[in-house]
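Student: 3D model of this:
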Amino acid sequence: MRRVAIVGALLVALPACVHVPNQAPALSRELGSRVAALRAAHLATIRAYFDAKREHVDRFVQDEWIPAYAKNVLDEPAIQKILASAQTPADRVEVLVGLGQRIQRRIDQRRAEMMRPLDDLERELARRVEAEYDGVTASNAAITALLDAHAETTSTQEGALGAIHVDRTLAAALDKVEKVVGLMTAGKDAFEENEAAIKKVIESLRE
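Tutor: Predicted coordinates for the structure are as follows:
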């Protein structure tokens, strides 16, 4: 990422009119290939980062939320009454199977609720990074065509590849991801208590 930013800064700093050697078009194409490789690396890094955050959320659900939820369900007076009324082992098994299915449905629902903000953030961040690289790729394609047309002559290069902001885009977005994960995993009821704040952070990334 830093290499591309440096290259962009150097190109912008070039004088408006420079002599273009024969090898310049090939070098420009090589830069285009490196930009494509960096783009793929950035997107792969984003995927890996969000996979790690999903694992963090999943551990929270498994280690903290499920035990608390299961205890609350079993402590419900209505459930206690049903358990007490189960006279035979078969009755108790039937009650426990029904409870297990109810608890599992709620676990699946909670996990989906907590993963959805991460899915939204990942999708939006990938879209923004793609947009940054689309602009860079278009600029490099334009300058490559210009170099092809004017090798061994002069050309105007000012502004080419000068708008690479992926570093800033990622840094700002990942701060917001950390905030969302913190809001969701602050306690067993944190998702409900912080749902409005979570939505606000996600919306701010789309601005």
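Student: Please make it C-alpha for all contacts and neighbour counts, starting now.
Tutor: Will do.
Student: Now do the strands in this protein.
Tutor: Here the chain has its strands, by DSSP state E, at 17-19, 154-156.
Student: Least confident of those, on average?
Tutor: When the strands of the chain are ranked by mean pLDDT, strand 154-156 comes last with a mean of 41.
Student: surely Lys188 meets Gln62?
Tutor: No: assessed by Cα atoms under 8 Å, Lys188 is found out of contact with Gln62, at 11.0 Å.
Student: Compare the two (neighbour count), which wins?
Tutor: Legend: neighbour count by other Cα atoms under 10 Å for Lys188 and Gln62, higher for Lys188 (17 against 13).
Student: contacting residues for that one?
Tutor: Taking Cα atoms under 8 Å, 6 or more residues apart in numbering, we find Lys188 in contact with 64-65, 68.
Student: So which residues of the chain form helices?
Tutor: Secondary structure of the chain (DSSP state H): helices at 2-13, 24-60, 66-75, 77-85, 89-150, 166-184, 190-193, 195-206.
Student: residues of the fourth one that come out buried?
Tutor: Spelled out, it's helix 77-85. Neighbour-count burial for helix 77-85, counted by 16 or more other Cα atoms under 10 Å, picks out Leu83.
Student: Could you check how sure the model is about it, as an average pLDDT?
Tutor: Averaged over helix 77-85, pLDDT sits at 85.
Student: which outside residues touch that helix?
Tutor: Outside helix 77-85, the residues that touch it by Cα under 8 Å, 6+ apart are 73-74, 92, 95.
Student: For the buried ones among these, write the corresponding ChimeraX selection.
Tutor: To isolate the buried ones among the contacts of helix 77-85 in ChimeraX, judged by 16+ other Cα under 10 Å, type:
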select :92,95
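Student: Closest one to Glu113 out of the contacts of Lys188, please.
Tutor: For those, the minimum distance to Glu113 (Cα to Cα) is 12.8 Å, reached by Trp65.
Student: For Ser204, see how far away the closest one is.
Tutor: Trp65 is 28 Å from Ser204, where distance means Cα to Cα, to the nearest Å.
Student: same question, Ala112
Tutor: Using Cα to Cα, one obtains 22 Å as the distance from Ala112 to Ser204.
Student: Also Asn72?
Tutor: For Asn72 relative to Ser204 (Cα to Cα), the value is 35 Å.
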